[in-house]
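> Would you be able to build a 3D model of this:
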Amino acid sequence: MSHLVCAPVRFMGLFACVVSVATLLVPSLEVRAEVSPLSQDAFLRAKHVTVGILAETQDQRVPERPGKIAVRGTGVHLRDGYVITARHAAEKHDLSGGTIIQKQIRLLTHDFHELSADLVGDSAFMDAVVYRIVEQHRSKLQVETSFSTEDVLPGMEVFTVGYPLGWGPTMAFGRLGNTNTFLQTVDTRLIQADLSVCSGNSGGGLFNAQGEVVGILHAVIQTDKEETQAYCSRMAFAIPGSLAERIVQAALSGKPLLFSKLGIHMTSVKDGTKLRMAVKDVAEPAKTAGIQKHDILLAIENTEIVDGAQLKNYLIERTTPGQEVAVKVRRVDADLTFHVVLGGGEK
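The predicted structure is shown next:
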């Protein structure tokens, strides 16, 4: 019998740690060094596009430690002054005790320039926000990067640059694990990576061997029981780059980010020996197209659907509102195909 153990999920916040590594040398054993596909050009590119998100303190100084600048998160400069980071890394508490997104933030570059950036657009649904560096400061940050167009696969070598525990910029290296997982902190698919990150890495880029962005760091799983604001973990989770890019495109266009709606709620059923998804409730636009309660969902546009998470991923990442999709279902012993014009709206 297997057991699922749930650990506290932590956003990556404001402090940092140092990890010492001991190396055991065995003189009689010849070890051939493994050549990493990661290049120095990729390292430098990632370092130069990474910025620290400065904490909102008086004169950007920590009152109890004068002369120190507090970094609460990390961001990535994409192009033309546009910077993406995690939304929670740019929030502040308001007078009611809640949180609001800051209209302007301060950034710290790798060579210690302090820049101002104005809010362009955000998505609480995906925990991401886009700022643009003010015009008079843009010349200080000219190196650019882009989102990767290659598929992300388990085992892919990745690295991140950021400000763990407010200290940096530092690099951490690892590999992708589950590229299709979920947490309760955000409503989209996440990429799980096995690399060391700490509070302060939130909003930083997860880079591939070319220095392109494959994800934006969102949260870590806290693996110890100590309740503290300073935490590190090797279980990191990132918003996929393909989704983060949609947020950027929507922000630049000045339009809200819209998501497709099929109009069905699913439940698990057995179809022979296989578990499949059946329609529990049906609403618009699926109802008008002819889909009924108890239909077993087989595929969308010839892509087999095996669970609710995959259906959600497909709608978010591969469709747009107003698009017509072919939905294949099994009703009793007959396989039927219905053409649904997807609804949609802002999340």
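> What's the separation between the spatially most central residue of the chain and A219?
Nearest to the mean C-alpha position of the chain, by Cα atoms, centre = their mean, lies I239 at 1.4 Å. Distance, I239 to A219, by Cβ to Cβ, to the nearest Å: 10 Å. For the C-beta atoms, the positions are set from N, CA and C on the backbone; glycine is no exception.
> Now for those two: what residues contact both?
Counting by Cβ atoms under 8 Å, 6 or more residues apart in numbering, the contacts common to I239 and A219 are V186.
> Now for E284: which residues touch it?
Going by Cβ under 8 Å, 6+ apart, E284 touches G263, G343.
> Assumed it was part of a strand.
No: counting by DSSP: H, G, I helix; E, B strand; the rest coil, E284 is not part of a strand but coil.
> Kindly state the domain boundaries assigned to the protein.
With domains defined by automatic domain parsing, the chain comprises 9-14+37-256, 258-346.
> Deepest-packed of those domains, please.
Highest mean neighbour count among the domains of the chain (mean count of other Cβ atoms under 10 Å): domain 9-14+37-256, with a mean of 19.
> pLDDT averaged over that domain, what's the number?
Across domain 9-14+37-256, pLDDT averages out at 87.
> likewise stretch 262-275?
The predicted model assigns stretch 262-275 a mean pLDDT of 87.
> Using PDB, write out every CA atom in that stretch.
Extracted C-alpha coordinates of stretch 262-275, given in PDB (Å, rounded to 0.1, in the frame of the first residue of the first chain):
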ATOM      1  CA  LEU A 262     -15.500  23.400 -22.400                       C
ATOM      2  CA  GLY A 263     -18.400  23.300 -19.800                       C
ATOM      3  CA  ILE A 264     -18.100  19.900 -18.400                       C
ATOM      4  CA  HIS A 265     -17.200  18.500 -14.900                       C
ATOM      5  CA  MET A 266     -15.600  15.100 -14.800                       C
ATOM      6  CA  THR A 267     -15.500  12.100 -12.600                       C
ATOM      7  CA  SER A 268     -13.400   8.900 -12.800                       C
ATOM      8  CA  VAL A 269     -15.000   5.700 -14.000                       C
ATOM      9  CA  LYS A 270     -13.800   2.300 -15.200                       C
ATOM     10  CA  ASP A 271     -14.100   1.500 -18.900                       C
ATOM     11  CA  GLY A 272     -13.300  -2.200 -18.900                       C
ATOM     12  CA  THR A 273      -9.900  -2.400 -17.100                       C
ATOM     13  CA  LYS A 274      -9.000   1.200 -17.800                       C
ATOM     14  CA  LEU A 275      -9.800   4.300 -15.700                       C
END
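> In this structure L275 contacts T267, no?
No: the pair formed by L275 and T267 falls short of the contact definition of Cβ atoms under 8 Å, at 10.8 Å.
> what about the strands in the stretch 201-347 of the chain?
Using DSSP state E, counting those that start in this stretch, the strands of the stretch 201-347 of the chain run over residues 205-207, 213-221, 232-240, 258-261, 264-271, 274-282, 296-300, 303-304, 324-331, 334-341, 343-346.
> helices or strands next to the first one in the packing?
Contact analysis of strand 205-207 by 3 or more Cβ pairs under 8 Å, 6 or more residues apart in numbering; DSSP states H and E lists helix 40-49, strand 157-162, strand 213-221 as its packing neighbours.
> let's go with 6 Å and repeat that
strand 157-162, strand 213-221 (3 or more Cβ pairs under 6 Å, 6 or more residues apart in numbering; DSSP states H and E).
> Serialize these to a markdown table and add fields for distance to R106.
Listed next are the helices and strands packed on strand 205-207 as a markdown table, based on distance: least, Cβ to Cβ, whole Å:
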| stretch | distance to R106 |
| --- | --- |
| strand 157-162 | 17 |
| strand 213-221 | 19 |
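> Out of the ones you listed, flag the one nearest R87.
Set against R87 and scored by Cβ to Cβ, these come closest in strand 213-221, at 9.4 Å.
> Show me the contact partners of the closest one.
By Cβ atoms under 6 Å, 6 or more residues apart in numbering, the residues outside strand 213-221 that reach it are 7, 9-12, 86, 127, 147-148, 152, 185, 191, 197, 201-202, 204-206, 208, 233, 235-241, 244.
> now the strands for the stretch 51-200 of the chain?
Here the stretch 51-200 of the chain has its strands, by DSSP E, counting those that start in this stretch, at 71-79, 82-86, 91-93, 99-101, 104-108, 114-123, 128-133, 157-162, 170-176, 191-198.
> follow-up on the earlier one: now distance to R175 too, for the strands of the stretch 201-347 of the chain, in JSON lines please.
Below are the strands of the stretch 201-347 of the chain laid out as JSON lines (distance: least, Cβ to Cβ, whole Å):
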{"stretch": "strand 205-207", "distance to R175": "11"}
{"stretch": "strand 213-221", "distance to R175": "12"}
{"stretch": "strand 232-240", "distance to R175": "11"}
{"stretch": "strand 258-261", "distance to R175": "30"}
{"stretch": "strand 264-271", "distance to R175": "31"}
{"stretch": "strand 274-282", "distance to R175": "29"}
{"stretch": "strand 296-300", "distance to R175": "30"}
{"stretch": "strand 303-304", "distance to R175": "27"}
{"stretch": "strand 324-331", "distance to R175": "34"}
{"stretch": "strand 334-341", "distance to R175": "38"}
{"stretch": "strand 343-346", "distance to R175": "35"}
